[in-house]
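**Student:** Need coordinates for the following:
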Amino acid sequence: MKYLLFLLGWPCTLLGQNLTYPQMVNGFVQQWKEVAISEMNRTGIPASVTLAQGIIESNAGHSPLAADASNFFGIKCHSDWKGKTYTYTDDKPDECFRSYDDPKDSWKDHSDFLKNQSRYNILFTYGPTDYKKWCNGLKDCGYATNPKYPEILINCIEHFNLHQYDLSGNDLVKWQQEHPQPAAGNDSALVKNNSPYGTNIGTSAVSSSSTGRTLLFNDIKMTLVKQDESLASIAKWYGLSEKRLRKYNDWGDEPVNLHPGDKIYLQPKRLRGDAETHMVQEGETMWFIAQQHGIRLSELYDKNLMTDGQQPATGAVLSLKNTVSKPPPLATAAQSLPEKQVASPSHLPAQQIPASGRTYLVKSGDTLYSISKKFDTTVDSLKTWNHLVGNTIYVGQTLKVQ
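**Tutor:** Take a look at the predicted model:
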């Protein structure tokens, strides 16, 4: 699926690009709206409902299941599936999901699933423009266990104006006249606010208060810690449990000390990092490296043939994508730090922060120009190091500055 994103020029394909949730949704809708409309014409399922389900269930196309298996709706293998499979930990460890060579087949499969299951027959008596009835009907027919599922879908449809894709002819013309589109590149063409929606529909509800906070790194939804925040407050903000956040961030049961600018992943990290390798700098632990590159800690250990708890020596090169033939040099006992002592480069003493890893937390009033002057560099360098397409930066964003 990723080659399609490159053809579309979607910014999230840039390595390490931090995207807001509206930007993710905008790109997803532009890519798949015609497919959703085609499925509506074929089966009668409103395009708005299908798009909303795809956005929510695949994190706007950026869940590992969507990115690696082109499965946007979390359809599991079942006994009648004869195609490719993808193993993924969802409600249970190592569940079997369908994998598609052609991403469009995922949309067709989803439509056929609803169309061919007798328990959903009542839905097809509703009109294709009555998205609210469809959303409530899906819950009544047992599609989801979350009692707020209709609310989640309807809010997503209305926040992102997805119901326009249910219209045609004069109705569509009238809607477009009443809702003129902003200039190209303005996210508000599809967005009324920045509300992120939980990717696990079975447990997460809409968190409308979490506007503008959700970013993307290594195709993983994440956020940055703000001043005086705790794990509990972030969990409440996103409608997730602390246990789930601990699992996503490899924390286990130990106390978690958060600092402004720390990355908090809101879904499982990937099996591979955002780069090929990482050269270990003084003070870095395996957990820190895993957190910085969006790779699961267990995978980082496995790929480098290391035992849980071992730490690499300063200067060692770790593999983030492929399994090595021999382990890297290890730190001596005197050099080792507790596994999760260091949370981000900003917490190392200044003299220990490697030049390639210095970061700056964007504050109110900052611009790329003012930051470049503060660190004696150039705007172009900042944009290159942080994979920025334009000059827009956000309060709370962590930038590499050297």
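**Student:** what are the ranges of the helices in the chain?
**Tutor:** Using DSSP state H, the helices found in the chain span residues 2-8, 21-43, 47-57, 64-69, 103-116, 131-140, 149-159, 169-178, 231-238, 242-248, 286-293, 297-303, 368-374, 379-385.
**Student:** helices and strands around the fourth one, which ones?
**Tutor:** Meaning helix 64-69. In this structure, helix 64-69 makes packing contacts with strand 85-88, strand 95-98, judged by 3 or more Cβ pairs under 8 Å, 6 or more residues apart in numbering; DSSP states H and E. C-beta: built from backbone N, CA, C; applies to glycine.
**Student:** I'd guessed residue 302 sits against residue 324; true?
**Tutor:** No - using Cβ atoms under 8 Å, residue 302 is not in contact with residue 324; the gap is 10.1 Å.
**Student:** residues touching residue 231, list them.
**Tutor:** Taking Cβ atoms under 8 Å, 6 or more residues apart in numbering as the criterion, residue 231 is in contact with 242, 245-246, 256, 258.
**Student:** And the residues you listed, which is closest to residue 178?
**Tutor:** Proximity of the contacts of residue 231 to residue 178 (Cβ to Cβ) peaks at residue 245, which lies at 41.6 Å.
**Student:** Thought residue 235 was touching that closest one, still the case?
**Tutor:** Yes - here residue 245 reaches residue 235: they are 5.4 Å apart, a contact under Cβ under 8 Å.
**Student:** Setting the sequence-adjacent residues aside, check what's closest to residue 123.
**Tutor:** With Cβ to Cβ, 6 or more residues apart in numbering as the criterion, residue 123 has its nearest non-adjacent residue at 4.8 Å, and that residue is residue 137.
**Student:** State the number of residues packed around the one you found.
**Tutor:** Look at residue 137: counted by other Cβ atoms under 10 Å, it has 19 neighbours.
**Student:** pretty sure it is touching residue 122, no?
**Tutor:** Yes - applying Cβ under 8 Å, one finds residue 137 in contact with residue 122, separated by 6.3 Å.
**Student:** What is the end-to-end distance of stretch 92-99?
**Tutor:** 18 Å (Cα to Cα, to the nearest Å).
**Student:** Just give me how far it sits from the chain centre.
**Tutor:** Distance of stretch 92-99 from the chain centroid (Cα atoms, centre = their mean, to the nearest Å) equals 19 Å.
**Student:** same question, stretch 230-243
**Tutor:** From the chain centre to the centre of stretch 230-243 is a distance of 17 Å (Cα atoms, centre = their mean).
**Student:** Many thanks, have a good one.
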